[in-house]
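Chemist: show me how the following folds:
(chains A and B)
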Amino acid sequence: MNKPVRVRIAPSPTGFMHIGTARTALFNFIFAKQHGGTFLLRIENTDKERSKKEFEDDIIQGLAWLGLDHSEFHRQSEYLPTHAKYLESLLADGKAFWCTHTTEELEAEGEHQREAKEPPRHICEHRDTDKTSGIVRLRNDERASIVIHDMIRGDIIYDPQLFGDISLAKNLAEPLYNFVVTVDDHEMNISHVIRGEDHITNTPKQILIGRALGFTEPEWAHLPLLLAKDRTKLSKRNGAVSVGEYQKNGYIREAIINFIAFLGWHPKDEVGEVLDLETIIKVFDITRAQRGGAVVDTEKLDWLNREHIKRLAPEEKINRAEPFINPATKEKLGSRVAQYILAVLPRVTKLTEIDAMINDLLEIPPYDAELLLWKGKLDRAKVKETLSAILSILKNPDTAEQDFKPLIEKEGNGAVLWPLRTALSGRAISPGPYELLSAFGLDVAERRIQNAISKLDA
RNA sequence: GGCCCUAUCGUCUAAUGGUUAGGACAGCGCUCUUUCAAGGCGUAAAUCCGGGUUCGAUUCCCGGUGGGGCCGCCA
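Modeler: Below is the predicted model:
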């Protein structure tokens, strides 16, 4: 009987929610869903200096916004007594010891090893002294190779002596990363550790610590890293990295999820590439994850954003778009906010574009009567006649498409729709006439058409 | 420097010991059309290099090169 699947995302609150963290969270979340397992969030805040509540909040909010809900929440700092307990037992068993070498001594040792082209490590001669202060290290006697059975990469082999005596804690109350992670993963019954490739070298250390503690080893999966356009590590300097930034820039969560799922993974079957989370969960297979780093290409994100915006239900479109409209714009729109959003949204890539687009519709620019003549194909008298006919037919913007049918059949598409659209927008390029009609409503539409007619008189 | 990971169009990727190496985004062209966008159709574009194994390697092995990661009393 396999143990229940329990996976975690374990970010340290030392920066805003990173897009790479989001992807790791997503893969864990999907894996849990596929196996009826549990996805938990653990804030790794053992570094007191760098951990900030602000970042913790941002991570929690970011995950929630993406819809990656966790069913358990832990804060590493709350398990200090447990960490101390395991530390003491290791010390009592002689599997760990106190090392009192100074930072300077360790640096000198490292320097010497580098010059001698030896592997950098600290094998401590304090192992068998009975010191009771300094830092706690693991007595690393392991000689046999450590093999990581990685779900994505197969076996990865390490010589354990390369690591020396691994540091476990600054003192009983200040445990260090590799030790804390090992203890917490065990205490929280983590079955699968799915994390970034940057942790591969930590894995053999954690295996060593886990063995000393008598823990059973979880399954491992190391995901490829996310890269910037120049194939270097994704950082603030070479692109947007925080989820909050993407949100602020007008991307919707469905697009982000779809996008990051496809960074390092692709479905096997022909299911298309515009996928919702539910579908991704159905077709996802972690063993098919890519092994090389993936470049974050926002052009594809843009396309996915457009596609997912199109697929949103009308009420959802309005809900998502509304926060991106300035209060001043909203005031001008009055009760027609929804209509304007719907008119403009189909041609939007990012939600941040809608405010300017709406404002373009609000103000009709001064334009020349020539604009109404459809590239000079129609004469003024004819256009005037058409616009008058339109005016008399126009009673309800919502049924306009139906109502104009007879007129269009008689005059042709361009002869009716071009003058209508330009009269409504005052622009050569704009949304379509029916979209404009439903955005404006009858009063504004009639006024603008009337205005166009008088332009033709002049 | 030590150790580890990795390598298919510009980008994300599919495939396989034998294929015209497939798709998507971006690009380009055509088309549709009331404008723009969207849509439809089409086009260009890749197996890092060198050895080996094999009747045959993009695929398997070795070496190189490139890229990435880690080497902390950070996580």
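
Chemist: please determine how far residue A:46 is located from residue A:153.
Modeler: For residue A:46, the distance to residue A:153 equals 28 Å [CB to CB, to the nearest Å]. Yep, even glycine has a C-beta here, placed from its N, CA and C like the rest.

Chemist: meant to ask about residue A:338, not that
Modeler: On the measure of CB to CB, residue A:338 and residue A:153 end up 50 Å apart.

Chemist: please apply the same query to residue A:405.
Modeler: 63 Å.

Chemist: so residue A:312 sits against residue A:253, correct?
Modeler: No - assessed by CB atoms under 8 Å, residue A:312 is found out of contact with residue A:253, at 10.9 Å.

Chemist: and for residue A:431, the neighbour number?
Modeler: 20 (other CB atoms under 10 Å).

Chemist: chain neighbours aside, what residue packs nearest to it?
Modeler: Of all residues not flanking residue A:431 in the chain, residue A:343 sits nearest, at 5.5 Å (CB to CB, 6 or more residues apart in numbering).

Chemist: please read off the pLDDT at the one you found from the model.
Modeler: If you check residue A:343, the pLDDT there is 93.

Chemist: and for residue A:447?
Modeler: 95.

Chemist: that one: what's it in contact with?
Modeler: Listed by CB atoms under 8 Å, 6 or more residues apart in numbering, the contact set of residue A:447 is empty.

Chemist: in a helix, that's where it is, yeah?
Modeler: Yes - assigned with DSSP: H, G, I helix; E, B strand; the rest coil, residue A:447 falls within a helix.

Chemist: now it: how far from RNA strand B?
Modeler: Applying CB to the nearest atom of the strand, to the nearest Å, the value for residue A:447 to RNA strand B is 20 Å.

Chemist: do the same with residue A:66
Modeler: 18 Å.

Chemist: okay, residue A:312 and residue A:253: which has more neighbours?
Modeler: Using other CB under 10 Å, the more surrounded residue of residue A:312 and residue A:253 is residue A:253, with 19 against 16.

Chemist: wait, that one sits on residue A:66?
Modeler: Yes - with contacts counted by CB under 8 Å, residue A:253 reaches residue A:66, the gap being 5.2 Å.

Chemist: how many residues are close by the residue in chain A that RNA strand B sits nearest to?
Modeler: Proximity of chain A to RNA strand B (CB to the nearest atom of the strand) peaks at residue A:413, 2.4 Å away. Residue A:413 has 9 neighbouring residues, counting by other CB under 10 Å.

Chemist: check contacts around it.
Modeler: No contacts exist for residue A:413 under CB under 8 Å, 6+ apart.

Chemist: and for residue A:134?
Modeler: Residue A:134 neighbours (CB under 8 Å, 6+ apart): A:98-101, A:126.

Chemist: get me the contact residues on the stretch 51-200 of chain A for RNA strand B.
Modeler: A:76, A:100-103, A:106, A:110, A:114, A:117-122, A:134-135, A:153-154, A:156-159, A:162, A:167, A:170, A:174, A:176-178, A:180, A:197-200 (CB under 7 Å from any atom of the strand).
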